[in-house]
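In: Predicted model and sequence follow; I will ask about them next.
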Amino acid sequence: MTAAPRGQVADELLRRFAAALRATQLYSKGHPLITRNIEALMAAVQQLHTLQPSTILGIVGDKVIVDEAPSKADGLESLVRRLKQIGVERITIDRGVAGDEIQALVDAISTIEPLPSGEPPPFPSLPHVRVGRISVGQKIEGATDMAAFKRAYTEAVSVAESVWDSARTESRPDAKVAQTMIDGLAQAVSQNRTALLALTTLKNYDNYTFTHMVNVSILTMGQARSLGIDGPLLRELGLAALMHDIGKVRTPLEVLNKPDKLTDAEYTIVKRHVVDGAEILRATPDIPALAPVIAFEHHLRLDGTGYPHLVTRSSLNLGTMLCSIADVYDAMRSHRAYQGAFPSDRILAVLQRSDGHQFEQHLVRRFVQLIGIYPVGNLVRLDTGEIAVVVTVYAPDPHRPQVKVIIDRAGVRLQQPYQTNLWEGDKELGQPSNVVKPIDPAELGIDPLMLL
C-alpha cells in the first residue's frame, strides 16, 4: 500500500485535533467519545512522526500551518477560534509524545482561561509538547519596516541570554525556550532569508556572547536553506548552532572576558569548551543528537588541525562545517576588546585559504554567494563617489551587489534615494559599477538597516 502524502497526513491530524477538542468541550471527563477521539488524534500524530521527528502547528491569521505548509482541511474554525482566544499561535509536538500528554494538551486548550494581556496562559509542562506564540517568525513575516525586524532580533538575543543563564546556573540550557525561538527564526529564514541575514550585521559589543549565538544560528540556517534544507532538519541545525559555544559557561569569566591576548595556559582552558559543550548537551533532555556533535566538532578542520587535539575524522558533519563557517565569519567581523572587526573581503579570504584544507571550499563558495563581499545592510562608497546601502547580493559577482544610493557624489543626502545594479553599471557613462570600500555608518550617523 502506498503511503499517504505528507499533506494528507497533516490534514488528518488537524481534523482529529478539532474533533478531540469538540468532544472534550461537549462531554464529561472519561466519556468514551473523548477517549476514542484522543486515540485517533494520537494515531495521526504518530503517523506524521514516521515522516519527521517534530510537528509544528501554527496559526497565522485564520489559517492553520503545519510545518510551514497551509492546511487544506475543512472544519477547523472552532479549533482556530479557541487557540486565538487563549493566545496560542504555535504548538510543537515531538516524536515520542505519549497519549497522556496529548490528553493533557487537549484538556488545557479546552478549559484554560485567557489572560487579559493576550499572552498565552500557563500550560502544563509536557516533555514532548511546547506551546507559545510565533513571536519572531510572525513579526518578521508581517514587518513593513526594519524596526520590526530589529525588535524580533533583539527578542531572539534576549532568549539566547536566558538559555545561557540556565546552562550556567542549572548545568542545562532551557531547551524548550530555545526551541520555541528557533522555530520562529527558522520560519523567518524560510520566508525572508535576506532580511534575517541583514539583521546579523547588528552589533552590540557589550552583548557579544548572545548576539554571536543568534548570528551563528541565523547564518547556519541561511546556508542550510540555500542547500535546500528545510523543515525539522533546518530547526535542528539552528538549535545546534545556537548552542555551539554553550560549553563556555564552564570557562572562568576572567579567562572568557579577558581583554588582552590569552596565554597558552588560558587558551588551553578555553579549548576545553568543546568537550564541556558536548557533555552539557548530551545530558540535556529535548536536545537533538546533532547538537552535541556540532558543539564537539566546530573547531575541528578538514586537514585534522584544530581542537580537541588528537581527534581525527574522515569527514566532518555537514552541520559542523556550516556552523564553523558561520562561527569564524561572525567572530572576525565583530569588534571586541582584544580584536578589531575585519572587513568581509579579508574574512572570506581566511575562509578560502589553505586550498580547502581547513574549510570545505564548495560550502565556502556557496557562503560567499549567499553573503556577498559586501553583505546586505552594509554602507559602502561607490566608484562614482556616491554612498549607498547594500540591498541585495548578486551571486554571479559578489563584488557588485544591488545598492540603494542615499548620498550623492557631492556629499548631499538624497531626498529620494534610488536603487541600481552595480553589475549593470558603466562608469564611463557616469553610472556606479563597483564598490570602492565599506564605510562605518557611525561616521555618518546613519543606520543603514532602516534604509532597507
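Out: Cool, got the structure.

In: Now do the SS call for residue 391.
Out: strand (DSSP: H, G, I helix; E, B strand; the rest coil).

In: Quick check, pLDDT for it.
Out: With respect to pLDDT, residue 391 has a value of 88.

In: where's it relative to residue 412, distance?
Out: 21 Å (C-beta to C-beta, to the nearest Å). (Glycine included, C-beta is placed from N, CA and C.)

In: Which one's more surrounded, these two?
Out: Comparing residue 391 with residue 412 by other C-beta atoms under 10 Å, the one with more neighbours is residue 391, at 19 against 8.

In: Surely the more buried one is in contact with residue 401?
Out: Yes. With contact defined as C-beta atoms under 8 Å, residue 391 and residue 401 form a contacting pair (7.2 Å).

In: so what sits against both of those two?
Out: residue 376 (C-beta atoms under 8 Å, 6 or more residues apart in numbering).

In: Spell out, range by range, the strands that occur in the stretch 51-200 of the chain.
Out: Secondary structure of the stretch 51-200 of the chain by DSSP state E, counting those that start in this stretch: the strands cover 54-60, 63-66, 69-70, 90-94, 129-132.

In: lowest-confidence stretch among those strands?
Out: Looking at those, the weakest mean confidence is strand 69-70, a mean of 74.

In: average model confidence for stretch 168-178?
Out: When pLDDT is averaged along stretch 168-178, the result is 89.

In: If you count neighbours, what's buried in that stretch?
Out: If you call a residue buried by 16 or more other C-beta atoms under 10 Å, then stretch 168-178 has these buried ones: 172-178.

In: Can you give me the end-to-end span of it?
Out: 15 Å (C-alpha to C-alpha, to the nearest Å).

In: Can you tell me what sits against that stretch?
Out: Stretch 168-178 has contacts (C-beta under 8 Å, 6+ apart) with 130, 159-160, 162-164, 166-167, 239, 242-243, 246, 249, 280-281, 283-287.

In: which parts of stretch 407-420 are buried?
Out: Applying 16+ other C-beta under 10 Å to stretch 407-420 flags 407, 420 as buried.

In: Next: stretch 420-427.
Out: For stretch 420-427, the neighbour count (16+ other C-beta under 10 Å) marks 420-422, 425 as buried.

In: which residues sit against that stretch?
Out: Contact with stretch 420-427 is made by 382-384, 388, 394, 396-397, 400-403, 405, 431-435, as judged by C-beta under 8 Å, 6+ apart.

In: pLDDT below threshold where in this protein?
Out: 1-4, 68, 117-120, 133-149, 202-206, 335-346, 352-356, 449-450, 452 (pLDDT under 70).

In: Could you identify the longest strand within this protein?
Out: strand 413-421 (DSSP state E).

In: Does anything pack onto the helix or strand following that one? Which helices or strands?
Out: Using DSSP states H and E, the helix or strand that follows strand 413-421 towards the C-terminus is strand 435-439. Helices and strands touching strand 435-439, by 3 or more C-beta pairs under 8 Å, 6 or more residues apart in numbering; DSSP states H and E, are strand 379-382.

In: so what strands line up beside the strand it packs on?
Out: Next to strand 379-382 in the sheet, as set by DSSP bridges, lie strand 387-392 (antiparallel), strand 435-439 (antiparallel).

In: quick revisit: whichever of the contacts of stretch 168-178 end up buried, select them in ChimeraX.
Out: Provided next is the ChimeraX selection string for whichever of the contacts of stretch 168-178 are buried by 16+ other C-beta under 10 Å:
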select :130,159,160,162,163,164,166,167,239,242,243,246,249,280,281,284,286,287
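
In: In helices, which of the contacts of stretch 168-178 appear?
Out: 159-160, 162-164, 166-167, 239, 242, 280-281 (DSSP state H).

In: and of these, the nearest to residue 439?
Out: Residue 439 lies nearest to residue 160 out of the ones in helices among the contacts of stretch 168-178, by C-beta to C-beta, at 29.0 Å.
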